[in-house]
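A.B. asks: Next one to model:
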Amino acid sequence: MNPNILKAFKAISFICFLLTHSFSSAATEVVYEVDLRGLEDDRLQVKVRVPKVSAETIEYHMPKVVPGTYSISDFGRFAMDFKALDANGASLPVTKIDVNRWKIERANELAQLTYWVNDTWDTELGNKIFEPAGTNFESGRNFVLNPFGLFGYFPPFRDVPCEVKVMFPDGFYGSTALKTFATEGNMDTYRLDSYHHLADSPMMYCLPDTAWQTVGNARVLVSVYSPNKRVSSKAIMASLAEILNAQKDYLGGTLPVEKYAFIIYLTPGTGGSGGMGALEHSYSSFYFMPEADEASSAEQMRDVAAHEFFHIVTPLSIHSEEIHYFDYVEPKMSKHLWLYEGVTEYSASHMQIKHGLISMGEYFATLQQKLMFSGFMNDTVPFTVMSAGCLDRYKSQYMNVYQKGALIGLCVDILLREYSGGKTGIQDLMKMLAQNYGKKNPFKDEELFDVIAKLTDPRIRTFFRDYVEDGKPIPYDQIFAKVGILYEAAVNREVLTTGRFATQFNPETKRLYVSSTRMMNAFGDKLKIQEGDELVTWDGMAVTQENFEDVVAQFRAKRKEGDKIVVEVARPDGGSFKILKLKAKAVATRQKGTNVLSVNPSATNDQLALRKSWIGI
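C.D. replies: Residues are numbered from 1 along each chain as shown. As a prediction, this is how the structure comes out:
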């Protein structure tokens, strides 16, 4: 192109940008700014420009709870040095109401807020935030920005458009599902519909390692931060491609999004929360996973990503008023976690068997595991009651949404197919609900079961009433029999417990470490085992990732209740480990055996036809 023409083109483009940008700023209600280059003591300063306030006072809120986490985070505890300023930069009176709320006097003079926020991954301020729901500030390396960890809202302006400006270091790229409104030099500007849209849109800034692929009608981004460069975005994308295309077909060939982002932070060690996993959003998902070898990391991502990606259906297109009008400070939880998490979890594995990505044996193993783990939970609590109380009274039962919640989805799927002669299943139900409601039209919690019965078959209402609302034990043998599957319920037996703490593999030390003690029992408490402890020996036997099940089997075969047990662990101590010998007496617990699923060799033609409708086999 002729240089003069190029200059003229750039000048016209810049004028257009200024006109557009000026218009957008005038229409914007709240403008947030953060400069990633200004990191001080693991803190970033946030600036919030405010539209004209007519009231004498106004409050600014940071979230107590955010959708998808189902736990109390209190992000206000990470904000400090909070100042309210008028147009001349003079301070206005501010009173801190509680950990997440500030009251500003003379609000009709308010022009800007400024405050500093701490990195949640490294903080010592109370309970640890699950990393996918937090913030990470590493100068020159990586910035994880979950907006609800940095930005709050003014209740009167929570539902109006806002703008976010992010200033970033040279060479950095912002990975997000958001469409960049403008990039000028080292500043990205994003325009959002509301604070809800902002809170639902994580970002990660670092040196770029990204891969793109078109799936149906959507552009899918994979962005990877691998500190030791062991894993590339191309390898993750190659592993996910098969899953993503199968999900697209499972959802009918099109997706309810134009862009989706997998934002992945791989860690060589453990996080402060002790957990690994992901947090879903409407248009993206954020992952905090081990930095293993490339093949292992890619394989680990498949099942987790399969679950998170299905959240584009719910809560994006199907959600209750509790989610649509989410109260970040005093949240009210929906009764329908069976739908949000349970059906999503069910679909992630059902899609794989239906599209030939896993065998029937592998699928049975997944279902048997869910049957077993749901048996550890309190099955007398109605699922709707547990869902509504998952933040407090039934917090310990929350993990059952991925077990029994998925099994509820399975039962609904099989029953709907039976009632319709194999024509309608849970995939069809989700499409009906999405069409009936959609992104901007939430359902009422009390009405959902009746709506489903009206859209599909009145008989399904009885299942919901008996087994989801009233808490009666689900007759799995009868449900599986409909598709020619034999179900053998587990038999309770006395076994020596290992403490019921969760473990994961540390690729750096080549040891299993305790990733969570949330469900640990009395034996684990007596051992005084802690999150982060790495297993060295168990009852005198060296522990590895490969032999741990054999070690446990030998332990149970050789020992009896009351025997003295020694567990040797490597406990993190600064930058190294100290070896400790933990001692306790062996404890026997009543444990469910394995639920067994098998193909009925005498299945009728009707059962075989229904099975084919269900899983395609």
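A.B. asks: Measure how buried residue 417 is and give me the count.
C.D. replies: 23 (other C-beta atoms under 10 Å). Placement of C-beta: from N, CA and C, glycine included.
A.B. asks: which residues sit in contact with it?
C.D. replies: 423-425, 610, 613-614 (C-beta atoms under 8 Å, 6 or more residues apart in numbering).
A.B. asks: tell me which element the nearest residue to residue 528 once chain neighbours are set aside is part of?
C.D. replies: Leaving aside its sequence neighbours, residue 528 sits nearest to residue 582 (C-beta to C-beta, 6 or more residues apart in numbering; 6.0 Å). In the assignment (DSSP states H and E), residue 582 maps to strand 576-585.
A.B. asks: for the most centrally placed residue in the chain, helix, strand, or coil?
C.D. replies: The residue lying closest to the centre of the chain (C-alpha atoms, centre = their mean) is residue 279, at 2.1 Å. Classification of residue 279 by DSSP: H, G, I helix; E, B strand; the rest coil places it in strand.
A.B. asks: I'd assumed residue 273 was in contact with it.
C.D. replies: No. The pair residue 279 and residue 273 fails to qualify as a contact (C-beta atoms under 8 Å) at a distance of 11.8 Å.
A.B. asks: Return the set of residues that bridge with the residue nearest to the centre of the chain.
C.D. replies: Judged by DSSP bridges, the bridge partners of residue 279 are residue 286.
A.B. asks: residues in contact with it?
C.D. replies: 68-69, 130, 132-133, 146, 202, 285-286, 308.
A.B. asks: now with 7 Å?
C.D. replies: Residues counted as contacts of residue 279 (C-beta atoms under 7 Å, 6 or more residues apart in numbering) are 68-69, 132-133, 285-286.
A.B. asks: so how far is residue 62 from it?
C.D. replies: 18 Å (C-beta to C-beta, to the nearest Å).
A.B. asks: Residue 503: what's its closest spatial neighbour, skipping adjacent residues?
C.D. replies: residue 512 (4.5 Å).
A.B. asks: Let's verify the one you found: helix, strand, or coil?
C.D. replies: strand.
A.B. asks: What is the burial count for it?
C.D. replies: 19.
A.B. asks: Does it have any beta-bridge partners, and if so which?
C.D. replies: residue 505.
A.B. asks: how about the strands of the stretch 451-600 of the chain, start to end?
C.D. replies: 485-488, 492-496, 502-506, 511-516, 534-538, 541-542, 564-573, 576-585, 588-592, 596-599 (DSSP state E, counting those that start in this stretch).
A.B. asks: Same check on the stretch 101-250 of the chain?
C.D. replies: Using DSSP E, counting those that start in this stretch, strands in the stretch 101-250 of the chain cover 101-105, 110-118, 135-138, 142-145, 162-167, 173-176, 180-184, 187-192, 203-206, 210-215, 218-225.
A.B. asks: Any idea which of those strands has the lowest pLDDT on average?
C.D. replies: The weakest mean pLDDT among those belongs to strand 180-184, with a mean of 91.
A.B. asks: From the chain's centroid, how far away is it?
C.D. replies: For strand 180-184, the gap between its own C-alpha mean and the chain's C-alpha mean amounts to 28 Å (C-alpha atoms, centre = their mean, to the nearest Å).
A.B. asks: again with stretch 343-353
C.D. replies: Counting by C-alpha atoms, centre = their mean, stretch 343-353 comes out at 16 Å from the chain centroid.
A.B. asks: related to what we said a few turns ago, relative to the strand holding residue 582, what are the paired strands and their orientations?
C.D. replies: strand 564-573 (antiparallel).
A.B. asks: The strand it pairs with to strand 534-538, inter-axis angle?
C.D. replies: 160 degrees (axes from the mean of the first three to the mean of the last three C-alpha atoms, to 10 degrees).
A.B. asks: Kindly export strand 564-573 (C-alpha atoms) in PDB.
C.D. replies: The C-alpha coordinates for strand 564-573 follow below in PDB (Å, rounded to 0.1, in the frame of the first residue of the first chain):
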ATOM      1  CA  LYS A 564      -0.900 -48.400  66.000                       C
ATOM      2  CA  ILE A 565      -0.300 -46.900  62.500                       C
ATOM      3  CA  VAL A 566       2.500 -44.600  61.400                       C
ATOM      4  CA  VAL A 567       2.200 -42.400  58.300                       C
ATOM      5  CA  GLU A 568       5.300 -40.600  57.200                       C
ATOM      6  CA  VAL A 569       4.700 -37.300  55.400                       C
ATOM      7  CA  ALA A 570       6.800 -34.500  53.900                       C
ATOM      8  CA  ARG A 571       5.200 -31.200  55.200                       C
ATOM      9  CA  PRO A 572       5.900 -27.900  53.300                       C
ATOM     10  CA  ASP A 573       8.200 -25.700  55.400                       C
END
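A.B. asks: Buried residues in that strand, which are they?
C.D. replies: Within strand 564-573, the residues that count as buried by 16 or more other C-beta atoms under 10 Å are 565, 567-570, 572.
A.B. asks: which ones are touching residue 326?
C.D. replies: 67, 196.
A.B. asks: where in the chain is pLDDT low?
C.D. replies: For the chain, applying pLDDT under 70 flags the ranges 1-28, 591-593.
A.B. asks: Give me the neighbour count for residue 481.
C.D. replies: Neighbour tally, residue 481, other C-beta under 10 Å: 16.
A.B. asks: coming back round to it: export the strands of the stretch 451-600 of the chain to a markdown table and tack on distance to residue 246?
C.D. replies: Formatted as a markdown table, the strands of the stretch 451-600 of the chain follow (distance: least, C-beta to C-beta, whole Å):
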| stretch | distance to residue 246 |
| --- | --- |
| strand 485-488 | 23 |
| strand 492-496 | 38 |
| strand 502-506 | 27 |
| strand 511-516 | 29 |
| strand 534-538 | 36 |
| strand 541-542 | 41 |
| strand 564-573 | 40 |
| strand 576-585 | 42 |
| strand 588-592 | 32 |
| strand 596-599 | 23 |
